[in-house]
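In: how would this look folded up:
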Amino acid sequence: MSSFLRPAVPDPHDPPTTATAIASATATATATATLGRIPAQYRPISSHLAIAPPVSVVIPAMNEAENLPHVFGTLPEWIHEVVLVDGNSTDDTVNVARELWPGVKVVKQAGKGKGDALISGFAACTGDIIVMVDADGSADGQEIVSYVSALVGGADFAKGSRFANGGGTDDMTPIRKLGNRVLCGIVNAKFGARYTDLCYGYNAFWRHCLDSIALDCTGFEIETLMNIRVVKAGLRVQEVPSHEYLRIHGVSNLRAVRDGLRVLKVILQEKGVRRAARRSPVLTLNMPRGEVS
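Out: All right, here's what the predicted structure looks like:
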């Protein structure tokens, strides 16, 4: 069993345990363990499992006040922190977030675009595991446990897939499905990946992965860029079946043709680029991006 994952309730037939063994599933999860030199606290995530690594959830949002009650309502209580990146909302997004999750960390986005928002959010995270969740209500926060399980089971990057066995989508039009399939096929052929889905923003990864990839785009195509660069970096990727629901309120900023061309541009730019020839990553975890409150 992974040293990051433990049964939350000890088996009465098990031999006595040490400080690094099974954690009790109490509300405060007070049992601790030592992973190398890092003290870790086990937190129960279900009736029979507890985890050690703290989990940060990054939610980029702009004018999503109506959707946040659903988004926050599906988040599990055991996560370490929620980082909301506010894209200069003109509605009550920030106040609603603080009412729903009093400890939420709010980052005021300095730039524009989803990519810029995510980079800002990643820089503000303190958890060992980072989960990306959209603010439109299309993602089910209860799936986070599946992503975390994939990571503690050995993966570096847990990639959500709507087309893996057990996944699904209520939101994609036929033209978007076709475009996603074609672009996914190109990435698989050119970079040796085995993805079943490409343009999906529900992913999770160990924070240290940010040291191996360079995040340097500002738009929706950042998801494709991450998918390509984790493969090129030789990181272990595991797809996690995920269901995408319809946006609850508001209108999506996605444009199938425009954004599809931007994704294709990223793919073509990455073709044959040697990692040693890349610029230094623009994301520095100790560098503040935006205003955190």
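In: Let me see the ranges of the helices in the stretch 101-250 of the chain.
Out: With DSSP state H, counting those that start in this stretch as the criterion, the stretch 101-250 of the chain has helices at 114-124, 144-152, 174-191, 222-232.
In: could you dump those helices to TSV with mean neighbour count?
Out: To be clear about C-beta, it is placed using only N, CA and C from the backbone, and glycine gets the same treatment. Shown next, in TSV, are the helices of the stretch 101-250 of the chain (neighbours: other Cβ atoms under 10 Å):
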stretch	mean neighbour count
helix 114-124	24
helix 144-152	22
helix 174-191	16
helix 222-232	22
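In: The ones you listed into a markdown table, with extra columns for mean pLDDT?
Out: Below are the helices of the stretch 101-250 of the chain laid out as a markdown table (pLDDT from 0 to 100):
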| stretch | mean pLDDT |
| --- | --- |
| helix 114-124 | 97 |
| helix 144-152 | 95 |
| helix 174-191 | 93 |
| helix 222-232 | 95 |
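In: mind putting these in TSV, distance to residue 166 included?
Out: Converted to TSV, the helices of the stretch 101-250 of the chain look like this (distance: least, Cβ to Cβ, whole Å):
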stretch	distance to residue 166
helix 114-124	26
helix 144-152	9
helix 174-191	17
helix 222-232	19
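In: Of all those, which one is nearest residue 58?
Out: Among the helices of the stretch 101-250 of the chain, helix 114-124 comes nearest to residue 58, with 3.7 Å by Cβ to Cβ.
In: mind saving the C-alpha coords of that closest one as CSV?
Out: The C-alpha trace of helix 114-124 is given here as CSV (Å, rounded to 0.1, in the frame of the first residue of the first chain):
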residue,chain,number,x,y,z
LYS,A,114,-7.6,30.9,-18.2
GLY,A,115,-4.0,29.9,-18.6
ASP,A,116,-2.9,33.0,-16.8
ALA,A,117,-5.4,32.4,-14.0
LEU,A,118,-4.3,28.8,-13.5
ILE,A,119,-0.6,29.8,-13.4
SER,A,120,-1.5,32.4,-10.7
GLY,A,121,-3.5,29.8,-8.8
PHE,A,122,-0.7,27.2,-8.9
ALA,A,123,1.8,29.7,-7.6
ALA,A,124,-0.5,30.4,-4.6
